[in-house]
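Undergrad: mind looking at a prediction? Sequence and model below.
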2 protein chains.
Amino acid sequence: MSVVESLSNSMSIEVKESCEETAQRGRGRPRDEVARTRILEAALEVLQEVGFANTTTDAIAERAGASKATIYRWWSNKAAVVIEALRKQVSRDTPFADTGDLVNDIHLQLQGFVEFLTGWRGRVFKAFIAAAQNDPAFAESFRTDWILPRREEAKEIFERHKERGALAKNVDLELLLDAMYGPIYFRLLAGHGRLDADFAKSVGDMTIRSLVTS
Amino acid sequence: MSVVESLSNSMSIEVKESCEETAQRGRGRPRDEVARTRILEAALEVLQEVGFANTTTDAIAERAGASKATIYRWWSNKAAVVIEALRKQVSRDTPFADTGDLVNDIHLQLQGFVEFLTGWRGRVFKAFIAAAQNDPAFAESFRTDWILPRREEAKEIFERHKERGALAKNVDLELLLDAMYGPIYFRLLAGHGRLDADFAKSVGDMTIRSLVTS
DNA sequence: GATTTACGATACTATCAAGTTTCGAAAACT
DNA sequence: AGTTTTCGAAACTTGATAGTATCGTAAATC
């Protein structure tokens, strides 16, 4: 069983539905929630294949077996669809290691993250980051919905390690997280080296070494 | 004097001119090298302001005071202009610390890199990385012209530190470089924390701590 | 059954940008 | 002077796509 799977039952961040649109009881035919799901899934698929710059609403509609009219009935524009799709994925796929052992936690977190990025979700993720550099709406969502919640969760775990005495009180947790995840992001985006379990292990080892004397 | 300025006389990587187009002696009016320079500079300016996805050839031409015909006379397409412009900047702005002292080198390199990214060039750089996620030509140039040369140069410096005994022979230099630069890239792209001299110092300290027991 | 709303399909409009062409003028060589 | 090539300016063509509108149908409420 993979690390990601073994952690998938951990607490996930619930994203509040922004719109009052969801299944409002009224007169006519209700919103087709299946179509909604298909559209969001299709958006991620297309995004992952061609990047946001080359993602078209026609492609999303065709992939979803839906109509463009349906898309624009529920989302104000193309970016809104993709951003909601990305947020949905975030709320599902954020396993996080919390075993009680510091060394173990660090390794499992890095291992799980690399596994998360390998393959399908890695390409989605790259597209997300790229879009965030060109469009402020994506940048905001990337920070608010992805980066910050994960960091807060990780910081809580590390705070408990501090209280248990496994981690020195004066360790800068922001810096620690950057040291852990920075190299992973770096290889993901620059592609200059392998991004696999061995690398995750090495980064973890190095991070832990940097803590012993701090 | 800034770290970047103090290092700006160091060896820079000479990029070979790809095209035989440059100043071929023939019959008619020769190529206007001033216009060429203006076009490349304008390309970077526009890129840095709006990102590659929103960069238009019209904007580049207008900014450069040139004609689109001139652009397409010498470059096959829009991406070619921008990629050459980025390559030109790389060949100029790659100061690298090599003082002979390991701790000093690490801190100066990180300091110089953060300074490089702060302000104008940081935005160019972000646009470069974003484009690399959507367009294979940019990705190739990013690795070949930017990442790899810098890493090779840094690895040579660290190899000398190994020979001097300042650095353990078994240290993985690829990993070391990822640990140094990964966190910087991370903050540059995710924007979740400050990217300043203090941060560079902290990353350097942490990196050095991770080396002492390795 | 009448009404209301959503649906898929499709045609449509409007915009924007890449790349081309034309033209008169300028700058080199012979 | 004549020739060749480039230049800037501007008009132009072409293609792609975001977003809208229409229409007949399906699924709910009253």
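TA: Good, I have the coordinates. Residues are numbered from 1 along each chain as shown, chains lettered A, B, ... in the order given.
Undergrad: so how many other residues sit close to A:Ser76?
TA: Per other C-beta atoms under 10 Å in any protein chain shown, the neighbour tally for A:Ser76 reads 8. C-beta here means a position set from N, CA and C on the backbone, and glycine is covered the same way.
Undergrad: and the residue in chain A sticking out farthest from the centre, which of the three is it?
TA: Distance from the centre of chain A peaks at A:Arg27, with 37.6 Å (C-alpha atoms, centre = their mean). Under DSSP: H, G, I helix; E, B strand; the rest coil, the three-state class of A:Arg27 is coil.
Undergrad: how far away is it from A:Glu33?
TA: 18 Å (C-beta to C-beta, to the nearest Å).
Undergrad: I'd say A:Ala66 and A:Ile39 touch.
TA: Yes - look at A:Ala66 against A:Ile39 with C-beta atoms under 8 Å: they come within range, at 5.4 Å.
Undergrad: nearest residue to the middle of chain A?
TA: A:Val90 (4.3 Å).
Undergrad: got phi/psi on it?
TA: Note on A:Val90: its backbone torsions stand at phi -60, psi -40 [degrees, to the nearest 10].
Undergrad: ok, it touching A:Leu148?
TA: No - A:Val90 is beyond contact range of A:Leu148, at 11.0 Å (criterion: C-beta under 8 Å).
Undergrad: shaky segments in chain A?
TA: Residues of chain A meeting the criterion pLDDT under 70: A:1-25, A:94, A:213-214.
Undergrad: neighbours of A:Leu110, how many?
TA: A:Leu110 has 25 nearby residues by other C-beta under 10 Å.
Undergrad: next SSE downstream of the strand or helix carrying it?
TA: Following DSSP states H and E, one finds A:Leu110 within helix A:102-117. Remark: after helix A:102-117, the chain's next helix or strand is helix A:120-134, criterion DSSP H and E.
Undergrad: near DNA strand D, which residues of chain A?
TA: Contacts of chain A with DNA strand D, taken as C-beta under 7 Å from any atom of the strand, map to A:25-30, A:54-58, A:67-69, A:72, A:77-78.
Undergrad: need the buried ones from these selected in ChimeraX.
TA: Remark: buried members of the residues of chain A next to DNA strand D, expressed as a ChimeraX selection using 16 or more other C-beta atoms under 10 Å in any protein chain shown:
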select /A:55,57,78
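Undergrad: OK, contacts around the residue in chain A positioned nearest to DNA strand C?
TA: Here the residue of chain A nearest DNA strand C is A:Gly28; by C-beta to the nearest atom of the strand that distance is 1.9 Å. For A:Gly28, the contact set (C-beta atoms under 8 Å, 6 or more residues apart in numbering or on different chains) is empty.
Undergrad: phi and psi next, for it.
TA: Torsion angles, degrees, to the nearest 10, at A:Gly28: phi -70, psi -160.
Undergrad: and what of A:Ala139?
TA: Per-residue torsions, A:Ala139: phi -60, psi -40 (degrees, to the nearest 10).
Undergrad: how near is it to A:Asp145?
TA: 11 Å.
Undergrad: the two: who's more crowded?
TA: Comparing A:Ala139 with A:Asp145 by other C-beta under 10 Å, the one with more neighbours is A:Asp145, at 21 against 18.
Undergrad: please look at the more buried one and A:Arg87 and confirm they touch.
TA: Yes - at 5.0 Å, A:Asp145 counts as touching A:Arg87 under the criterion of C-beta under 8 Å.
Undergrad: please, which helix or strand holds A:Gln176?
TA: For residue A:176 the amino acid is Leu, not Gln. Using DSSP H and E, A:Leu176 falls in helix A:173-190.
Undergrad: close to chain B, is that helix?
TA: Yes - counting by C-beta under 8 Å from any C-beta of the partner chain, chain B has neighbours in helix A:173-190: A:174-175, A:178-179, A:181-187, A:189-190.
Undergrad: A:Thr57 against A:Ser67, yeah?
TA: No - counting by C-beta under 8 Å, A:Thr57 sits too far from A:Ser67 to count as a contact (10.4 Å).
Undergrad: between those two, what contacts are shared?
TA: With C-beta under 8 Å, 6+ apart, A:Thr57 and A:Ser67 have no common neighbours.
Undergrad: tell me who's in contact with A:Glu140.
TA: Residues near A:Glu140 by C-beta under 8 Å, 6+ apart: none.
Undergrad: what of A:Thr207?
TA: A:Thr207 is in contact with A:106, A:176, A:179-180, B:210, counting by C-beta under 8 Å, 6+ apart.
Undergrad: quick one: it from DNA strand D, how far?
TA: As judged by C-beta to the nearest atom of the strand, to the nearest Å, A:Thr207 and DNA strand D stand 41 Å apart.
Undergrad: please apply the same query to A:Asp205.
TA: Distance from A:Asp205 to DNA strand D, by C-beta to the nearest atom of the strand: 44 Å.
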